[in-house]
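J.: Make a model of this:
(one chain, ligands or ions: 1)
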Amino acid sequence: MSQHNIISMQDEQRLFTPFPSKTAGTHIRSLEEYKRQYTRSMEDNEGFWAERANELLDWFSPFTTVLEADMDTPDIRWFTGGTLNVAHNCLDRHLELGRKDKTALIWQGEPEGDVITYTYEQLYEEVCKFANVLKKYGVGKGDRVALYMPMIPELTIAMLACVRIGAVHSIVFAGFSALSLQSRVVDCEAKILVTADAVLRSGRVIPLKSNADDALTACPSVEHVVVVDRAGTAEQGNLEWKEERDIWWHQAMQQSDIKAFCECEPMESEDPLFILYTSGSTGKPKGVVHTTGGYLTYAAHTSQWVFDIQESDVYWCTADIGWITGHSYIVYGPLALGATTVMFEGVPSFPSPDRFWNIVEKFGVTIFYTAPTVIRALMREGLEWTQRHDLSSLRVLGTVGEPINPEAWIWYYENIGKNKTPIVDTWWQTETGGIMIAALPFATPLKPGSATLPLPGIDARIVRPDGSDAEPNEGGHLIIRKPWPGMLRGVFGDPERYKSTYFERFPGMYESGDGARVDNDGYFWIMGRLDDVINVSGHRMGTAEIESALVAHPTVAEAAVVGMPHPIKGESIYAYVTLKADEEETEELRAQLRTWVRKEIGPIATPEVLQFAEELPKTRSGKIMRRILRKIASGSTGDFGDTSTLADPSVITELVEGRTELT
Ligand code: WTA
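T.: Presented below is the predicted three-dimensional model:
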């Protein structure tokens, strides 16, 4: 199939029949088998999940009830009566299952020579030690621990140490600003913050602890900060240090009372496991809460069926652990299965655009999971970079985070998978805990650009705004009808928001916030967010968050932020800003405002375009008409639909003219 033969997603007709699995352990080997499992999971939902939970996990005491669910309240409980520990499932049990000397984690640092591998036993010991450090500094069951760290092994160790003692981790992506960190730490009242002196990125050393210090000026709950020495600052001795509060990781781990053994805390299935903040359409980010038994069952189940992870695989997910993809598919899913998981500190383009392919070759990666934005960026670099490396170890490819355009899909299929490797396009969310809609690699015929079919156990549907079922090919709201073990159990500290965001609009269903259609073959085509959330390079950004950062600037009177199509990032941020009466619209101020947002939220929130606007298009009742702003941002100069409710229609002309002057 030629790369030039690109057709739009709406008319995409190509179908790729599945390759037979060469691996004896593959669970689902045909479309018929998938259908059988799917039907069974719908007819005997609880039986299906009980079987998976028992097959995949080691329970200290068995669960007595599979599911208690009320999707209206909402109140969802899986596997109650059961007790377990996630660290036990990801580490201890493997030592007894003959995986003591098996590589659990391969860490590739940004400098080529920085590689550390941990066997299951070594990882277990490090986790036990850090669990003891946490205990020593007063962390106990139910306490929150914030992790603000680069992609270094200590992050994985800290996560597993938390869950070992029943502490709840809340990871904040290291690219977020001090203020973003602060609001998350304050919201979850973390007792300890674990961070590093710096982040190594594209050959540069970017301070990290200084951000943490700034954040902690207003985080009264934090008693201690544990700092990993990533950039050699400990020896240089030039880091700001608070003697009472700050502790070096390496020193803490070497203390004589820190033993390499720590009992696992038995946890109830519904005890909280972690909190992860994600952007919503309104207000501040919400702390999505996941719990122990259901989440781990789901992470392990999906890792096993969607990636077909087997004993001999070398599995690599390129996400950052600061996002849900890294939680479920670098750490918890693969380690629960006893797999070898790769963790990479750097970026795809440094020192050259073949970094990923270099790593695939170097470690013989067999399963590779990345984001469409990465594929699009690497496509641009040309084939010389992929051709330099032996990619023949690969047997399953995956994507996540945003719709993949058929052009990028075909490039991935031809040049990375060499026309013999299935691609699983996986649709899911922070809230779903794990993959919901995706191909099973050796069973599902593939259509480029479609996430294909819901996994067994997942009752995904498209509904109209009134909640009735949409017809095939009719776009609508993507909802889930039956509960599933990986679903979120709350928004930390805000039960009202939990209910109103996900369970109110369509009673008895989980509302994803995404739009999609299902074609005549039952394949799902995700169309993107229906709410005011922008997906920039697969990262969710709330427009409201960016707007409130902008209006916090002393020169800004009003701001409206929308998404605009971007060839590599999928979407990028377009901000319209109205200045206060006596402020002047200068290039300098434009640059200042972009830097301001970067500082307030983080580099990923920086507006790609910032247009000064005398006025924003508003209805007579004062509501901003974002539909119009989105059209202008995407380059439309006419056909704005019904504008009769606008208070002042001439605003549109001015905005369109303002756009043409953009550089
Ligand atoms: C989008 C990331 C199309 C979607 C796991 C969703 C996708 C949001 C896909 C969740 C996909 C994720 N195809 N869109 N395969 N995967 N999305 O919470 O809009 O960071 O709602 O979770 O990303 O982003 P989140």
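
J.: neighbouring contacts of stretch 60-75?
T.: Applying CB atoms under 8 Å, 6 or more residues apart in numbering, the contact partners of stretch 60-75 are 45-47, 49-50, 53-54, 76-85, 88, 266, 269, 293, 483, 498-499, 502-503, 507-510. Heads up, the C-betas are built off the backbone N, CA and C, glycines and all.

J.: could you flag which of those residues are buried?
T.: The neighbour count (16 or more other CB atoms under 10 Å) marks 45, 49-50, 53, 76-79, 82-85, 88, 269, 293, 483, 498, 502-503, 509-510 as buried among the contacts of stretch 60-75.

J.: May I ask you to name the longest helix in this protein?
T.: Across the chain, the longest stretch assigned as helix under DSSP state H is helix 120-136.

J.: Are stretch 525-532 and the ligand in contact anywhere?
T.: Yes - residues of stretch 525-532 contacting the ligand under CB under 6 Å from any ligand atom: 526, 528, 529.

J.: which residues touch the first one?
T.: Read that as residue 526. Neighbouring residues of residue 526 by CB under 8 Å, 6+ apart: 403, 427, 437, 451, 478, 514, 515, 516.

J.: try 10 Å this time
T.: 9, 402-404, 425, 427, 437, 449-451, 478, 512, 514-517 (CB atoms under 10 Å, 6 or more residues apart in numbering).

J.: now do the last one
T.: Counting by CB under 10 Å, 6+ apart, residue 529 makes contact with 281, 402, 512, 513, 514, 515, 535, 540, 563, 571.

J.: which among these gets closest to residue 613?
T.: residue 563 (16.9 Å; CB to CB).

J.: That closest one: neighbour count?
T.: When neighbours are counted by other CB atoms under 10 Å, residue 563 registers 26.

J.: quick one: terminal-to-terminal distance for stretch 406-417?
T.: One end of stretch 406-417 sits 15 Å from the other (CA to CA, to the nearest Å).

J.: sorry, back to before: which one of the contacts of residue 526 is nearest residue 201?
T.: Out of those, the member with the shortest distance to residue 201 (by CB to CB) is residue 402, at 22.4 Å.

J.: Next one: the residue lying closest to that closest one once chain neighbours are set aside relative to residue 374, how far apart?
T.: Nearest residue to residue 402 in three dimensions, chain neighbours excluded: residue 570, at 4.5 Å (CB to CB, 6 or more residues apart in numbering). Computed as CB to CB, to the nearest Å, the residue 570 to residue 374 distance reads 11 Å.

J.: Identify the contacts common to those two.
T.: With CB under 10 Å, 6+ apart as the test, residue 570 and residue 374 both reach 401, 537, 538.

J.: Just the pLDDT for residue 7.
T.: Residue 7 is assigned a pLDDT of 43 by the prediction.

J.: How about the one 5 residues further on?
T.: Here, the pLDDT recorded for residue 12 equals 78.

J.: Then residue 643?
T.: If you check residue 643, the pLDDT there is 85.

J.: May I have the phi/psi pair for it?
T.: phi -110, psi 20 (degrees, to the nearest 10).

J.: Hmm, residue 615 and residue 577 touching each other?
T.: No - in this structure residue 577 lies outside contact range of residue 615 using CB atoms under 10 Å: 11.5 Å.

J.: Give me the more crowded residue out of the two.
T.: Between residue 577 and residue 615, counting by other CB under 10 Å, residue 577 is the more crowded of the two (26 against 14).

J.: Can you tell me the SS state at the more buried one?
T.: Classification of residue 577 by DSSP: H, G, I helix; E, B strand; the rest coil places it in strand.

J.: can you pull the contacts of it?
T.: 547, 550-551, 553, 555-561, 583, 585, 589-590, 593, 607, 610-613, 616.

J.: and with 6 Å instead?
T.: Residues in contact with residue 577 (CB atoms under 6 Å, 6 or more residues apart in numbering) are 556, 559, 612.

J.: Which single residue in the stretch 351-500 of the chain comes nearest to the ligand?
T.: residue 430 (3.4 Å; CB to the nearest ligand atom).

J.: so what's that residue up against?
T.: Contacts for residue 430 (CB under 6 Å, 6+ apart) come out as 276, 278, 288, 324.

J.: again with residue 207
T.: residue 198.

J.: Ok, residue 320 next?
T.: So residue 320 contacts residue 326 (CB under 6 Å, 6+ apart).

J.: State the distance from residue 304 to the ligand.
T.: Distance from residue 304 to the ligand, counting by CB to the nearest ligand atom, to the nearest Å: 18 Å.

J.: Would you report the backbone torsion angles of the residue lying closest to residue 438 once chain neighbours are set aside?
T.: Closest residue to residue 438 apart from its sequence neighbours, by CB to CB, 6+ apart: residue 426 at 4.1 Å. Dihedral pair for residue 426: phi -110, psi 120, per degrees, to the nearest 10.

J.: The ligand contacts on the chain?
T.: Residues of the chain lying near the ligand (CB under 6 Å from any ligand atom): 278, 323-325, 400-403, 425-430, 451, 512-514, 526, 528-529, 535, 540.

J.: if we go to 5 Å?
T.: 400-403, 425, 427-430, 451, 514, 526, 540 (CB under 5 Å from any ligand atom).

J.: what would those residues look like in CSV with distance to residue 246 and secondary structure?
T.: Listed next are these as CSV, based on distance: CB to CB, whole Å; DSSP: H, G, I helix; E, B strand; the rest coil:
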residue, distance to residue 246, secondary structure
400, 36, strand
401, 35, coil
402, 39, coil
403, 44, coil
425, 44, strand
427, 42, strand
428, 37, coil
429, 36, coil
430, 31, helix
451, 45, coil
514, 42, strand
526, 44, strand
540, 32, strand
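
J.: Including pLDDT, could those go into JSON lines?
T.: Converted to JSON lines, the residues of the chain next to the ligand look like this (pLDDT from 0 to 100):
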{"residue": "400", "pLDDT": "97"}
{"residue": "401", "pLDDT": "95"}
{"residue": "402", "pLDDT": "94"}
{"residue": "403", "pLDDT": "93"}
{"residue": "425", "pLDDT": "98"}
{"residue": "427", "pLDDT": "98"}
{"residue": "428", "pLDDT": "98"}
{"residue": "429", "pLDDT": "98"}
{"residue": "430", "pLDDT": "98"}
{"residue": "451", "pLDDT": "98"}
{"residue": "514", "pLDDT": "97"}
{"residue": "526", "pLDDT": "96"}
{"residue": "540", "pLDDT": "92"}
